[in-house]
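Chemist: After the sequence you'll find the predicted model.
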Amino acid sequence: QKEVEQDPGPLSVPEGAIVSLNCTYSNSAFQYFMWYRQYSRKGPELLMYTYSSGNKEDGRFTAQVDKSSKYISLFIRDSQPSDSATYLCAIQGAQKLVFGQGTRLTINP
Amino acid sequence: KAGVTQTPRYLIKTRGQQVTLSCSPISGHRSVSWYQQTPGQGLQFLFEYFSETQRNKGNFPGRFSGRQFSNSRSEMNVSTLELGDSALYLCASSLGDRVDQPQHFGDGTRLSIL
């Protein structure tokens, strides 16, 4: 079993839709949770970073962590074509990041 | 503030050769981590350096090695290249003093093995 599981998609939604991206993890010792966005031919860009259960909001993006269920989510409101990218969840272990497989998201105009 | 810089952006090598990739971290960052990204395996951790010392290592063969210089710049070397080494190699930097400091990535070096 992988330490972090993420549905690779692909996921295709119309512009303006609410997008929900999810990951599960197995190690309850993990404390820090991140979402990265990666455009084609670019490196991952840090979107959201949180370390506690609950919600964290930044503009159209909301990160949600449920440590009791070992489940993390990223919600994108009012999705735009420019949000089309691969979204990677990442969890901080001891001095290294463990990544999910990444979900390829396409927002259709 | 300049981001993480990786050179070269693209490399083509043949089996059996060796290659060296370079990474310049964000100014002030002392931790540099390397990752391999492939379509099948996703992003996998190679190793992490902090203040010129390897602090953590992933599950890769000894053909993969690295080092860090006193200015925090890092290099990664792969010897005796195999077809399966074709991948995007990503470098990430962080302050490194505490485990909760997030990592910031460069745009990677795409290595193709013929």
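Modeler: Arrived safely, thanks for sending.

Chemist: Next, work out how far apart the residue lying closest to residue A:77 once chain neighbours are set aside and chain B are.
Modeler: Distance criterion C-beta to C-beta, 6 or more residues apart in numbering or on different chains; nearest residue to residue A:77, sequence neighbours excluded, is residue A:60 at 4.7 Å. From N, CA and C alone the C-beta is placed, and that goes for glycine too. According to C-beta to the nearest C-beta, to the nearest Å, residue A:60 and chain B sit 20 Å apart.

Chemist: mind listing what residue A:60 touches?
Modeler: A:76, A:77, A:78, A:79 (C-beta atoms under 8 Å, 6 or more residues apart in numbering or on different chains).

Chemist: In strands only, show me those residues.
Modeler: Among the contacts of residue A:60, DSSP state E puts residue A:76 in strands.

Chemist: The contacts of residue A:60, buried ones only, as a ChimeraX selection?
Modeler: To isolate the buried subset of the contacts of residue A:60 in ChimeraX, counting by 16 or more other C-beta atoms under 10 Å in any protein chain shown, use the following:
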select /A:76,79
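
Chemist: Nearest to residue B:106, out of the contacts of residue A:60: which one, please.
Modeler: residue A:76 (24.8 Å; C-beta to C-beta).

Chemist: in the sheet, who's paired with residue 75?
Modeler: Since you didn't name a chain, this refers to chain A. When bridges are called by DSSP bridges, residue A:75 pairs up with residue A:20, residue A:62.

Chemist: My question was about chain B, not that one.
Modeler: Assessed by DSSP bridges, residue B:75 has beta-bridge partners residue B:22, residue B:67.

Chemist: That concludes my questions; thank you for your assistance.
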